[in-house]
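[1] turn this into a model:
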Amino acid sequence: MRCRGFMAAGICAGIKKKNAKDLGLIVADVPATAAGVFTRNKIKAAPVLLDMERLGAGTCRAVIVNSGNANCCTGEQGMADARQMGKVAADRLGVAQDLVLVSSTGVIGQYLPVEKVEAAIPALFEALSADGFSDFAEAIMTTDTRPKTLARTVKIDEKYFSLNCVAKGAGMIRPDMATMLCYVCTDVAADAQALKALLVDAVDLSFNRITIDGDTSTNDTVLLLASGASGLSLSDAQVKAAFKEALDAMLVEMAKMVVKDGEGVTKLVEIRVSGAASDVDAKKMADAVAHSPLVKTAFFGEDANWGRIIGALGRAGAELNSDTIDIFFDDVCLVKNSQWQGADAEAAATKVLKKPEFVVAVDAHLGSGAYCCWTSDFSIDYVKINADYRS
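    Numbers count the residues shown, from 1 in each chain. Down below sits the predicted model:
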């Protein structure tokens, strides 16, 4: 997994209680064009505030990330620690501090042991490699069970461009940028404004459409860095179209990977609404179903309890006709015009629920509004994981 113009690394700095990788670094060979999207939570961690400030210039040389500590709700000390974390990386690179972005993930409310970051900087830079993205992916994990990486190469005439994507996220996941860290590196050339527009669109199609537990974090960050090393530019309409298609598809796939690796998750479920009075109403209905604990526990129990789904639809705040709702599990119609279709249909729907991935489709028969999102089941293990998360 490589991307021209970038190196990465991930090592153990002793921030986590367990002896695991917890400090990651991405370095661009030259200043890269940068764009970012961040949490909409009104409580924002120190590194998020710092990155939002620094991304105004649209340029980045490095990103340094720690796991095991969110550096959130830590006041002036937290901002000082975030700046110091970036400074030690900038000093080692010999660049201005503003060219280094910082991310943190982990427990909220504890001071970042920045002295451990400082002590680990020599080893972190020594570990830098064009093949270091897998180590970086491990270093940013919290309750993730596995690292999440994707790579794409797109050929245009005799040239090609690449995209690398690394993400973490397993809990506190819901739309509003979702809860996660994600870093995309590409070797196309781009200006910051074009890059930001493409990133916003891609996030709205992907990370803003997933939920595991309905909670939004304080540290959500998606960064897109472009080195220009491919010799292809987004100023070319053909390149831009191909890049948008690849970026959108990659982030949708990564969003699904996040849900599938969610805390205690055993099912990935697409909620697909059509026939709504508007796209806005379709989103309201899909979100109501996707966020419902009763619906999600039924998914876990493999119980085709469609009453929970129709109840969620009815409280979504969308225009609805209570006599025209169809509900499908994959291609099995369990509900037609808001009426149960019998025991055979329920038995077939129950078989669908036993699959690790399936679609719940709703047709409201009111208009052309449509929307889809991805959710999970809600398991006993989710409660266990979060009951002792800090210990």
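[2] next structured bit after the helix or strand hosting Met285?
    Following DSSP states H and E, one finds Met285 within helix 279-291. Toward the C-terminus, helix 279-291 is succeeded by helix 293-300 as the next helix or strand (DSSP H and E).
[3] for the stretch 201-350 of the chain, give me the ranges with low pLDDT.
    214-216 (pLDDT under 70).
[4] tell me which stretches of the stretch 51-200 of the chain form helices.
    Along the stretch 51-200 of the chain, the segments classed as helices by DSSP state H, counting those that start in this stretch run 75-93, 114-126, 133-139, 192-205.
[5] okay if I get the ones you listed as CSV plus mean neighbour count and distance to Thr221?
    Every residue, glycine included, has its C-beta placed from N, CA and C. Conversion of these to CSV gives the following (neighbours: other C-beta atoms under 10 Å; distance: least, C-beta to C-beta, whole Å):
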stretch, mean neighbour count, distance to Thr221
helix 75-93, 18, 12
helix 114-126, 17, 17
helix 133-139, 24, 14
helix 192-205, 18, 11
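[6] export those helices to a markdown table and tack on distance to Thr59?
    A markdown table is the format used below for the helices of the stretch 51-200 of the chain (distance: least, C-beta to C-beta, whole Å):
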| stretch | distance to Thr59 |
| --- | --- |
| helix 75-93 | 13 |
| helix 114-126 | 20 |
| helix 133-139 | 21 |
| helix 192-205 | 7 |
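[7] give me the number of residues near Leu294?
    13 (other C-beta atoms under 10 Å).
[8] mind giving me the domain split of the chain?
    Annotated domains of the chain cover 6-260, 268-387 [automatic domain parsing].
[9] pick the most buried one from those domains.
    domain 6-260 (a mean of 20; mean count of other C-beta atoms under 10 Å).
[10] just to revisit the earlier point, and of the helices of the stretch 51-200 of the chain, who's closest to Arg2?
    Of all the helices of the stretch 51-200 of the chain, helix 133-139 sits nearest to Arg2, with 7.7 Å by C-beta to C-beta.
[11] kindly export that closest one (C-alpha atoms) in PDB.
    Extracted as PDB, the C-alpha positions of helix 133-139 are listed here (Å, rounded to 0.1, in the frame of the first residue of the first chain):
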ATOM      1  CA  PHE A 133       0.700   2.800   6.200                       C
ATOM      2  CA  SER A 134      -0.200  -0.500   7.700                       C
ATOM      3  CA  ASP A 135       1.700   0.300  10.800                       C
ATOM      4  CA  PHE A 136       0.100   3.700  10.900                       C
ATOM      5  CA  ALA A 137      -3.300   2.100  10.600                       C
ATOM      6  CA  GLU A 138      -2.500  -0.100  13.700                       C
ATOM      7  CA  ALA A 139      -1.300   2.900  15.600                       C
END
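[12] now what about that helix, what contacts it?
    The contact list for helix 133-139, computed with C-beta atoms under 8 Å, 6 or more residues apart in numbering, reads 1-3, 8-11, 20-26, 65, 67, 127, 147-149, 164, 166-168, 183, 185.
[13] of all the helices of the stretch 51-200 of the chain, which one is nearest Glu263?
    Nearest to Glu263, of all those, is helix 133-139, at 17.9 Å by C-beta to C-beta.
[14] need the contact list for the spatially closest residue to Asn321 that is not a sequence neighbour.
    Leaving aside its chain neighbours, Asn321 sits nearest to Leu366 (6.3 Å; criterion: C-beta to C-beta, 6 or more residues apart in numbering). Leu366 is in contact with 275-277, 281, 319-321, 324, counting by C-beta under 8 Å, 6+ apart.
[15] out of those residues, flag the one nearest to Ala370.
    If you rank the contacts of Leu366 by distance to Ala370 using C-beta to C-beta, Ala276 comes first, at 6.8 Å.
[16] that closest one contacts Ala318, correct?
    Yes. If you go by C-beta atoms under 8 Å, Ala276 and Ala318 touch, sitting 6.5 Å apart.
[17] which residues do these two both contact?
    282, 285, 364.
[18] as CSV, those residues with distance to Glu270 would be great.
    Listed next are the shared contacts of Ala276 and Ala318 as CSV, based on distance: C-beta to C-beta, whole Å:
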residue, distance to Glu270
Ala282, 14
Met285, 14
Ala364, 17
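[19] returning to that earlier point: need the contacts of Leu366 in JSON lines (columns: secondary structure and distance to Leu55).
    Listed next are the contacts of Leu366 as JSON lines, based on DSSP: H, G, I helix; E, B strand; the rest coil; distance: C-beta to C-beta, whole Å:
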{"residue": "Gly275", "secondary structure": "strand", "distance to Leu55": "40"}
{"residue": "Ala276", "secondary structure": "strand", "distance to Leu55": "36"}
{"residue": "Ala277", "secondary structure": "coil", "distance to Leu55": "38"}
{"residue": "Asp281", "secondary structure": "helix", "distance to Leu55": "34"}
{"residue": "Glu319", "secondary structure": "coil", "distance to Leu55": "39"}
{"residue": "Leu320", "secondary structure": "coil", "distance to Leu55": "41"}
{"residue": "Asn321", "secondary structure": "coil", "distance to Leu55": "46"}
{"residue": "Thr324", "secondary structure": "coil", "distance to Leu55": "47"}
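[20] of all pairs in these, which one is the farthest apart?
    Distance extremes for the contacts of Leu366: the farthest pair is Asp281 and Thr324 at 13.5 Å, using C-beta to C-beta.
[21] other residues contacting the helix ranked longest in the chain?
    Using DSSP state H to define each element, the chain has its longest helix at helix 237-260. Identification of contacts with helix 237-260 by C-beta under 8 Å, 6+ apart yields 148, 150, 152, 154, 156, 161, 163, 165, 167, 169-170, 173, 178, 180, 182, 184, 186, 188, 194, 198-199, 201-203, 205-207, 209-212, 224, 232-234, 265, 268, 374-376.
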